[in-house]
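Participant: Pasting the sequence and the predicted coordinates here, then a few questions.
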Amino acid sequence: MKVLVLNGPNLGRLGRRQPEIYGYTTHDELADRCVGWGLDLGLEVEVRQTNHEGELLDWLNDAADTETPVVLNAAAWTHYSYAIFDACGQLTAPLVEVHISDPESRPEVFRHTSVVTPHAAAVIAGYGVDGYRMALEHLASSRNG
Ligand code: DQA
């Protein structure tokens, strides 16, 4: 089973961006880990990151057309993008929302709402990059029944 791991804005700077919050793992390292975790779970994982909302929308539209399960960390767009809300709403394969930190427990994050959660089969937040492994495990186990 193919799975898309889609990461939104600024996540390309993992490892350098506020490591006290997001850790020291770079996006390349995260992508390698996701592919490896996927192999262990029998999933073919492709990881993408973009700072451009339209690009993420195109990827979500393609995932809808191909019925591909998605692990999504929409980063800041999580909190305000109705376009991401709409794009997620058309997905038919499972969608798992991931956040490296737990936005709800961060007082400096000005929005605690998520446009992704209403469409997500599961939300995993606050487990660092391991949250992506948990999301892939969730998809693997939902595939198995
Ligand atoms: C994030 C949390 C968001 O609030 C923030 O805007 C991000 C990253 C996370 O992975 O913890 O950019 O999605």
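Facilitator: Great, that's in hand. Residues are numbered from 1 along each chain as shown.
Participant: How about the residues of the protein by the ligand?
Facilitator: Applying Cβ under 6 Å from any ligand atom, we find that the chain lies next to the ligand at Asn10, Asn73, Ala75, Ala76, Thr78, His99, Ile100, Ser101, Pro103, Val109. For every residue, glycine as well, the C-beta is placed using N, CA and C.
Participant: pLDDT weak spots in the chain?
Facilitator: By pLDDT under 70, the low-scoring segments of the chain are 109-111, 144-145.
Participant: Find the centremost residue of it, please.
Facilitator: Of all residues in the chain, the one closest to the mean position by Cα atoms, centre = their mean is Leu72, 2.2 Å from it.
Participant: Look up the closest residue to that residue, ignoring the ones flanking it.
Facilitator: Ranked by Cβ to Cβ, 6 or more residues apart in numbering and with sequence neighbours excluded, the top spatial neighbour of Leu72 is Leu6, at 5.1 Å.
Participant: quick one, what contacts the nearest residue to Glu44 once chain neighbours are set aside?
Facilitator: Excluding the flanking residues, the one nearest Glu44 by Cβ to Cβ, 6+ apart is Lys2, at 4.7 Å. Residues near Lys2 by Cβ atoms under 8 Å, 6 or more residues apart in numbering: Leu43, Glu44, Val45, Glu46, Thr66, Thr68, Pro69.
Participant: same deal with Val71?
Facilitator: Val3, Leu4, Val5, Leu6, Cys34, Leu95, Val96, Val98, Tyr132, Ala135, Leu136, Leu139.
Participant: What of Val70?
Facilitator: So Val70 contacts Val3, Leu4, Val5, Leu6, Leu60, Ala63, Leu91, Ala93, Pro94, Leu95, Val96 (Cβ under 8 Å, 6+ apart).
Participant: Thank you kindly, that will do.
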